[in-house]
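Undergrad: build me a structure from this.
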Amino acid sequence: MPSRFIAITGFAALAALLISAAPAKADCVDDCQASTYCDSTMHASGECSEKLNQCYQLECNKPRHAFGALAYDRDSQAYGYSYDQPDVDSAPAVALKNCQKH
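TA: Numbers count the residues shown, from 1 in each chain. The predicted model follows:
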């Protein structure tokens with residue numbers, strides 16, 4: 001998983017660590033199958049298939065690249081973070097905004 005360290009100026013010694021993850025489609029299928037409980041009655045009624053399809057639609061249709069960032073101020077020890085951001089520019093912006101709340 002590639003990562004990049006970026007120094008951000010203008011808010012007391014803040015830094016953000018940007019992480020980009022591109023999960024494979026097979027990962028979301030495996031995750032859904034592992035997290036979905038199905039017994040024999042659920043298989044017979046079709047409930048299991050419905051639950052798995054809902055999970056696949058939710059998890060496997062997420063953007064292939066999601067970005068996150070961490071922001072930390074050494075002086076105040078305030079921190080903020082972001083996750084599932086659509087691009088590399090919004091991840092640190094959201095992390096800084098969340099850090100400034102503290």
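
Undergrad: any idea which element the residue most central in space within the chain lies in?
TA: Per Cα atoms, centre = their mean, the C-alpha nearest to the average position across the chain is that of Asp84, at 3.9 Å. Assigned by DSSP states H and E, Asp84 falls within strand 79-85.

Undergrad: in the following helix or strand past that strand, what's buried?
TA: Downstream of strand 79-85, the first helix or strand assigned by DSSP H and E is helix 90-100. For helix 90-100, burial by neighbour count (16 or more other Cβ atoms under 10 Å) applies to 91-96, 98-99. C-beta coordinates here come from the backbone N, C-alpha and C atoms, glycine included.

Undergrad: other SSEs contacting helix 90-100?
TA: strand 3-8, strand 14-21, strand 66-72, strand 79-85 (3 or more Cβ pairs under 8 Å, 6 or more residues apart in numbering; DSSP states H and E).

Undergrad: and Gly46, how many residues sit next to it?
TA: 9 (other Cβ atoms under 10 Å).

Undergrad: now do the SS call for Cys38.
TA: coil (DSSP: H, G, I helix; E, B strand; the rest coil).

Undergrad: list the contacts of Lys62.
TA: 28, 84 (Cβ atoms under 8 Å, 6 or more residues apart in numbering).

Undergrad: helix or strand: which one has it?
TA: Going by DSSP H and E, Lys62 is not part of any helix or strand.

Undergrad: give me the neighbour count for the closest residue to the residue nearest to the centre of the chain other than its chain neighbours.
TA: For Asp84, ignoring the flanking residues on the chain, the nearest one in space by Cβ to Cβ, 6 or more residues apart in numbering is Ala66 at 4.7 Å. If you count neighbours by other Cβ under 10 Å, Ala66 ends up with 18.

Undergrad: surely Ala66 touches Pro86?
TA: Yes. With contact defined as Cβ atoms under 8 Å, Ala66 reaches Pro86; the gap is 7.4 Å.

Undergrad: could you list the low-pLDDT ranges of the chain?
TA: Counting by pLDDT under 70, the chain shows low-confidence ranges at 1-26, 63-64.
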